[in-house]
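Student: I would like the atomic coordinates for the input below:
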Amino acid sequence: MTRSVDEITGGKRLRRMRKADWSRRLVRETELTTSDLIWPIFLIEGENRTEAIAAMPGVERLTVDLAVKAAEEAAKLGIPAIATFPNVAMEKRDTTGSHSLDADNLINRATRAIKAAVPEIGIITDAALDPFTDHGHDGILRDGIIVNDESVAQIAKAAVGQAEAGADIIAPSDMMDGRIGAIRDALDAAGFQDVAIMSYATKFASACYGPYREAIGTSGLLKGDKKTYYIDPANTEEALRETEADIAEGADMVMVKPGLPYLDICHRVKETFQIPTYVYQVSGEYAMIEAAAANGWIDGERVMMESLLAFKRAGCDGILTYFALRAARLLKG
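Tutor: Okay, the predicted model is just below:
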């Protein structure tokens, strides 16, 4: 005898609350808002000038004056913060990334200009050395080795310079051992106790960073790879140990990078430590969605929003994404 659907399901028909838009919204478990978005922007020298980034359609490098206008638009849309990344002139790069310590470098000039014009938006800066080195690594290169302690000392000094320029959050992406504690000590000693640290706590040795390296001008410079300091993509427990160490050293919030391939890490980090947890939807993720959309293989807008929602569902408190401006416009209707 064939059983009825009600007999099979025990009378539980889960489709009841999916029947209309209003009922789906009523039971929606996860919500994405503009307050969840952080917008990474790329900087170049000059005035009133942009440069297209071939591997990142729709993303441009901006001069400082245009970065100010971009920040104004972001603030109007309700985006809480932007993150700045410079494409430094080649003549200013060297083996130690010494230009990172220049009070008037591109990052610091942009911070001062944006803070003066749009004081209500948060500014997140990266103290890693890769935009400033002539070898593309995040630290100082000595005899083919990225030296940890010397790199940490310089990164901490660069972080203080960024705080002096007006940065609200220092987000070091270098993955050197001990850099969070060193930055915290340096900021406190310089009177910047209120400047927060967002640690790139679990940054993996991913193949998804290529377009970003084009954007900051390091793709043709990199000698070797970054596997000696980024985390092996196979490792979860190591990622948790890195996060635990950074929290103990004074991180106010932590980040997982990249995003979609590491949703399990996002969930584990948030569940384990219950600390503000962010994710970076990196350039390769952006480029893949844009390329598929350009070929008509996917609905780019829907996939963009679905990917951002996935980060929230995994437990992330916020998302660094190149889609931030576009997503905010959609969310604002």
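Student: Walking through the stretch 151-300 of the chain, point out its strands one by one.
Tutor: 169-170, 196-203, 253-257, 277-281 (DSSP state E, counting those that start in this stretch).
Student: what's the burial count for the nearest residue to Arg112 once chain neighbours are set aside?
Tutor: What sits nearest to Arg112 in space, not counting adjacent residues and going by CB to CB, 6 or more residues apart in numbering, is Ala165, at 5.3 Å. Every C-beta, even on glycine, is put in place using the N, C-alpha and C of the backbone. When neighbours are counted by other CB atoms under 10 Å, Ala165 registers 21.
Student: and if you look at Met90?
Tutor: Other residues close to Met90 by other CB under 10 Å number 9.
Student: contacting residues around it?
Tutor: Asp134, Gly217 (CB atoms under 8 Å, 6 or more residues apart in numbering).
Student: Arg329 now?
Tutor: Leu77.
Student: now Ser151
Tutor: Leu129, Asp138, Gly139, Ile140, Asp174, Met176, Arg179.
Student: I figured the fifth one hits Pro131, correct?
Tutor: No. The pair Asp174 and Pro131 does not pass the contact test of CB atoms under 8 Å, sitting 11.3 Å apart.
Student: So these two - more neighbours on which side?
Tutor: Pro131 (26 against 23).
Student: where does that one land in three-state SS?
Tutor: Per DSSP: H, G, I helix; E, B strand; the rest coil, the secondary structure class of Pro131 is coil.
Student: Report pLDDT for it.
Tutor: With respect to pLDDT, Pro131 scores 95.
Student: Do a quick rundown of the helices in the chain.
Tutor: 5-9, 21-26, 64-76, 106-117, 148-165, 179-189, 210-215, 237-249, 263-273, 283-294, 300-313, 324-331 (DSSP state H).
Student: Where neighbours are concerned, which of the contacts of Ser151 has the most?
Tutor: Leu129 (31 neighbours).
Student: residue contacts, the nearest residue to it once chain neighbours are set aside?
Tutor: Closest residue in space to Leu129, ignoring its immediate chain neighbours: Gly97 at 3.4 Å, by CB to CB, 6+ apart. Listed by CB under 8 Å, 6+ apart, the contact set of Gly97 reads Leu129, Asp130, Pro131, Phe132, Thr133, Ile140, Gln154.
Student: one step back: for the residue nearest to Arg112, list the residues it contacts.
Tutor: Contacts of Ala165 (CB under 8 Å, 6+ apart): Ala103, Ile107, Asn108, Arg109, Thr111, Arg112, Lys115.
Student: Would you mind measuring from it to Gly191?
Tutor: Distance, Ala165 to Gly191, using CB to CB, to the nearest Å: 14 Å.
Student: Okay, buried residues for stretch 57-76 please.
Tutor: 59-64, 66-68, 70-71, 74-75 (16 or more other CB atoms under 10 Å).
Student: contacts for that stretch?
Tutor: With CB under 8 Å, 6+ apart, stretch 57-76 has contacts from 39, 41-53, 82, 84, 87, 106, 109-110, 113-114, 117-118, 120-121, 215, 286-287, 290-291, 294, 322, 324-326, 328.
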